[in-house]
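Asker: What shape does this take:
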Amino acid sequence: MRQAILVEPKHIEFKEVAEPKAADLTAHQVLVNIKRIGICGSEIHSYHGLHPATFYPVVQGHEYSGVVMAVGSEVTVCKPGDHITARPQLVCGKCNPCKRGQYNVCEHLRVQAFQADGAAQDFFVVDDDRVAKLPEGMSLDYGAMIEPSAVGAHASNRTDVKGKNVVVSGAGTIGNLIAQFCIARGAKNVLITDVSDLRLAKARECGIKHTLNITKKTLKEAAQELFGEEGYQVGFEVAGVEVSIRSLMETIEKVATSLLWQSLPRTQPSACSIWASMS
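Answerer: Modelled structure (predicted):
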């Protein structure tokens with residue numbers, strides 16, 4: 001099968017390697033024919049050598065969808081022919097965070113595409129406890145968006161946004177999704193900001209009506225125009241740059257909620273709506 005390996009920064013090799021066999025699956029493993037892979041902004045950082053937690057060489061790809069080819073003897077969550085996606089975290093299940101259900105901060109956490117190989121290959125084996133079957137009729141394109149969409153859903157659920165004015169700083173894929181979820185959760189007004197007209201145009205295509213290019217107008221000015229004396233009560237920092245954090249701190253209502261959602265430096269462009277197809 002084909003496999004794409006990020007050998008070192010800025011060096012991807014495409015190789016022919018042996019494909020996994022159905023006969024070798026353990027009781028709780030699933031063999032997937034990978035069909036769609038989203039290119040995450042974090043993987044772009046890895047490509048440029050700017051992700052501090054990437055172990056080279058590594059197979060990238062952690063936002064994906066595919067078709068089940070075979071399942072282990074005790075798998076019940078899916079069957080051959082089903083369309084699925086899966087979460088990329090590899091966890092121990094035994095540490096205190098895992099016991100509390102907080103597997104995302106497992107003491108021994110490895111994330112596929114960074115500290116473990118991901119799905120950038122024709123066939124991929126995944127444990128059934130990480131599999132999510134796609135709803136009937138959902139496209140494989142949408143299936144590969146479930147992982148980043150889950151980030152937007154979780155972030156927007158960290159505080160009550162209903163009836164409140166919201167600013168999302170950063171209109172890349174995650175910022176875009178957070179803004180969409182805030183709208184869906186009943187926010188009164190949502191303003192999304194960025195330095196890229198392309199990303200802001202994409203945000204408007206996605207139904208985010210209020211956008212701001214902060215190179216052309218300050219957040220303080222735009223917030224005054226949109227929110228007036230009401231101001232805004234919730235802010236999401238998704239750009240990962242210091243000036244963005246400072247702007248939110250200077251303009252958000254006192255005793256409001258501000259959430260930082262990305263810690264890596266944004267030195268490369270966002271990967272909004274870029275897709276790799278392995279059909």
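
Asker: Could you use CA atoms for every contact and neighbour count after this?
Answerer: Will do.

Asker: how far does stretch 178-186 sit from the chain's center?
Answerer: Offset of stretch 178-186 from its chain centre (Cα atoms, centre = their mean, to the nearest Å): 16 Å.

Asker: give me the element S46 is part of.
Answerer: Secondary structure assignment for S46, by DSSP states H and E: helix 41-47.

Asker: ugh, wrong one, K94
Answerer: Here K94 is assigned to no helix or strand, by DSSP H and E.

Asker: From V126, how far off is it?
Answerer: Counting by Cα to Cα, to the nearest Å, the gap from K94 to V126 is 19 Å.

Asker: Of the two, which one has the most company?
Answerer: Per other Cα atoms under 10 Å, whichever of K94 and V126 has more neighbours is V126, with 19 against 13.

Asker: what sits up against the helix or strand containing the more buried one?
Answerer: Assignment of secondary structure by DSSP H and E places V126 within strand 123-127. Surrounding strand 123-127, the residues in contact under the criterion Cα atoms under 8 Å, 6 or more residues apart in numbering are M1, E19, P20, H28, Q29, V30, L31, V32, N33, I34, A86.

Asker: Each with direction, which strands does it pair with?
Answerer: The strands that strand 123-127 pairs with in its sheet are strand 29-38 (antiparallel) (by DSSP bridges).

Asker: roughly how far out does the strand it pairs with sit from the chain middle?
Answerer: Using Cα atoms, centre = their mean, the offset of strand 29-38 from its chain centre is 17 Å.

Asker: Kindly format the C-alpha coordinates of that strand as CSV.
Answerer: Backbone C-alpha positions of strand 29-38 (Å, rounded to 0.1, in the frame of the first residue of the first chain) are rendered in CSV as follows:
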residue,chain,number,x,y,z
GLN,A,29,-9.1,-4.0,16.1
VAL,A,30,-10.7,-2.6,12.9
LEU,A,31,-9.1,-2.5,9.5
VAL,A,32,-10.0,0.7,7.6
ASN,A,33,-9.5,1.7,4.0
ILE,A,34,-8.6,5.4,4.4
LYS,A,35,-10.6,7.7,2.0
ARG,A,36,-10.3,11.3,3.2
ILE,A,37,-7.6,13.0,5.3
GLY,A,38,-7.9,16.6,6.6
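
Asker: what sits up against it?
Answerer: Outside strand 29-38, the residues within contact range by Cα under 8 Å, 6+ apart are 20, 22, 25, 61-72, 75, 119-128, 140-141, 144-145, 274-279.
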